[in-house]
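Asks: the following block contains a protein sequence and its predicted model.
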Amino acid sequence: MELPTAVQSAIDGTPRFVVHGHLAAYSHWRALAQDNEPPPFRRFDPIAIPNLLPSIILFRVHHDPLDFEWRIIGEEVRLRLGGRYAGCRLSALPGQGPGTRIWQNFERTVQARLPRWGDVAYVGPDKHVRELQDLILPFHGDDRRIGRLLVYVEFKRVP
């Protein structure tokens, strides 16, 4: 699927592949945003995106020191990743802490305050998953700092 040029130029990074869910997640996020700023998390309503929920992960952003906490994990993501991550911080998980690709993607998203294509490798129990593509969408809290990251994940499977 080709992304419209205006959408691609608004998202940091380059996707390996794009599906309708990526565009739907970005469009929903963009509709909540104001004045070229990330939307406030209080405007996020999961009821508005029921078809996307199985493929999302919600992370809480902790500041001072920076860390990212797994909060909500959609059913599709949970099945493909395995493990019990809800409530865990990236810094406490092997292969997910500072300096890793996932951490760098999240940190850049928080700093730039812009959506970002993730570029992490798939590591999980499903031998039929060839790769994944995620889209990281930042939301700010009442203090205007980025407080949540909504990640839409699409898994590319082989038959």
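Replies: Nice, I can see it.
Asks: hey, let's count contacts and neighbours off CA atoms from now on
Replies: Fine.
Asks: number of residues surrounding the residue nearest to residue 142 when sequence neighbours are not counted?
Replies: Of all residues not flanking residue 142 in the chain, residue 40 sits nearest, at 7.3 Å (C-alpha to C-alpha, 6 or more residues apart in numbering). When counting by other C-alpha atoms under 10 Å, one arrives at 21 neighbours for residue 40.
Asks: list the contacts of residue 40.
Replies: 32, 33, 139, 140, 141, 142, 144 (C-alpha atoms under 8 Å, 6 or more residues apart in numbering).
Asks: ranking those by neighbours, who comes first?
Replies: Greatest neighbour count in these, by other C-alpha under 10 Å, goes to residue 139: 28 neighbours.
Asks: wait, is that one part of a helix?
Replies: No - counting by DSSP: H, G, I helix; E, B strand; the rest coil, residue 139 is not part of a helix but strand.
Asks: hmm, residue 39 and it touching each other?
Replies: Yes - between residue 139 and residue 39 there is a contact at 5.2 Å, judged by C-alpha atoms under 8 Å.
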